[in-house]
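Trainee: turn this into a model:
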Amino acid sequence: MIAELWAALYIVVLAGFTGYTVISRVPVLLHTPLMSGSNFIHGIVLVGAMVALGFATTVPEEILGFLAVVMGALNVTGGYVVTERILEMFDRSAKPKGPK
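Mentor: Now for the predicted structure:
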């Protein structure tokens, strides 16, 4: 049990360092495609959270599953909002804002 906990913690820490290293080296022009791919992955995480909630049998499992679904949905929604705002910056058909 303790060994499994340490292994899981080790994996989370390595994933954090790897993610930070990869994201910090992405050129600015690739941020929008990277965000779209990230949104796709978060959508899969959301589906996994819903499946886990469906298999929950105890109250703590249901609470944890519900929180996972809510947080996953917020993450996906926020990602799409940020992507939309980034794409608006590159929209040439929009009228410029401000004085003429």
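
Trainee: so where do the strands sit in the protein?
Mentor: Residue ranges of strands cannot be listed for the chain, since DSSP state E assigns none.

Trainee: which residue would you name as the spatial centre of it?
Mentor: Geometric centre of the chain, nearest residue: His42, 4.5 Å, by CA atoms, centre = their mean.

Trainee: distance-wise, check it relative to Leu14.
Mentor: As judged by CB to CB, to the nearest Å, His42 and Leu14 stand 20 Å apart. In short, each C-beta sits where N, CA and C put it, glycine included.

Trainee: show me what counts as buried in the longest helix seen in the chain.
Mentor: In the chain, assigned by DSSP state H, the helix with the most residues is helix 59-89. Buried residues in helix 59-89, defined by neighbour count with 16 or more other CB atoms under 10 Å: 65, 68-69, 72, 75-76, 79, 83.

Trainee: next one: that helix to chain centre, how far?
Mentor: If you compare the mean C-alpha spot of helix 59-89 with that of the full chain, they lie 7 Å apart, counting by CA atoms, centre = their mean, to the nearest Å.

Trainee: shaky segments in this structure?
Mentor: Counting by pLDDT under 70, the low-confidence segments of the chain come to 28-37, 94-100.

Trainee: please repeat the previous calculation with a cut-off of 90.
Mentor: Under the criterion of pLDDT under 90, the regions of the chain flagged as low confidence span 1-9, 11-13, 15-49, 52, 72-100.
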